[in-house]
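>>> quick one, what's the 3D model for this:
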Amino acid sequence: MIVKAMKFTQGHWFKCPEGHVYAIGECGGAMERSTCPHCQAPIGGMSHQLDEGNTLASEMDGARYAAYSEEAFRIEDLDLDFAFFDI
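Reported below is the predicted structural model:
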């Protein structure tokens with residue numbers, strides 16, 4: 001229910017090294033560090049890279065990869081319907 005209320009696309013949910021779930025807003029990429037409110041483990045990261053021990057919480061929304069990741073931006077995986085025209 002909370003996943004639906006947050007209205008994130010897939011791949012915004014992560015787990016701290018101890019398994020507590022947290023979300024990253026905006027683009028879904030880690031841009032700051034904090035501490036888990038449950039266990040004080042480091043959460044987040046910098047420059048769109050998760051800190052060591054933080055992992056995708058795919059059980060939250062079924063995501064196979066983080067919203068901001070190389071996998072998310074692979075053009076061949078996108079379902080695009082483009083028509084190219086010669087001018």
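>>> ok now the lowest-mean-pLDDT helix or strand in the chain, how far from the chain's centre?
Every helix and strand in the chain was compared by mean pLDDT, DSSP states H and E; the lowest is helix 2-6, with a mean of 87. Computed by Cα atoms, centre = their mean, to the nearest Å, the separation of helix 2-6 from the middle of its chain amounts to 15 Å.
>>> show residues contacting it.
12-13, 23, 60-61 (Cβ atoms under 8 Å, 6 or more residues apart in numbering). To be clear about C-beta, it is placed using only N, CA and C from the backbone, and glycine gets the same treatment.
>>> could you rerun that using 10 Å?
10, 12-13, 21, 23, 25, 57, 60-62 (Cβ atoms under 10 Å, 6 or more residues apart in numbering).
>>> can you tell me which two in these are farthest apart?
Gly25 and Gly62 (18.8 Å; Cβ to Cβ).
>>> list the buried residues in the one helix or strand Glu59 maps to.
Under the criterion of DSSP states H and E, Glu59 resides in helix 58-61. Buried residues in helix 58-61, counted by 16 or more other Cβ atoms under 10 Å: 58, 60-61.
>>> contacting residues for Trp13?
2-3, 6, 21-24, 28, 56-61, 63, 66-67.
>>> immediately after the longest strand along the chain, which helix or strand?
Longest strand of the chain, by residue count under DSSP state E: strand 42-46. Going down the chain from strand 42-46, the next helix or strand is strand 49-50, by DSSP H and E.
>>> re the thing from before, can you list the strands that whichever helix or strand comes after the least confident helix or strand of the chain pairs with?
Downstream of helix 2-6, the first helix or strand assigned by DSSP H and E is strand 13-15. Strand 13-15 has the following strand partners under DSSP bridges: strand 21-23 (antiparallel), strand 55-56 (antiparallel).
>>> how far does the longest one sit from its chain's centre?
In terms of Cα atoms, centre = their mean, the centre of strand 21-23 is found 10 Å from the chain centre.
>>> in this structure, where is pLDDT below threshold?
Residues of the chain that meet the criterion pLDDT under 70 lie in 75-87.
>>> which strands or helices does the longest strand of the chain pack on?
Here strand 42-46 touches strand 13-15, strand 33-35, strand 49-50, going by 3 or more Cβ pairs under 10 Å, 6 or more residues apart in numbering; DSSP states H and E.
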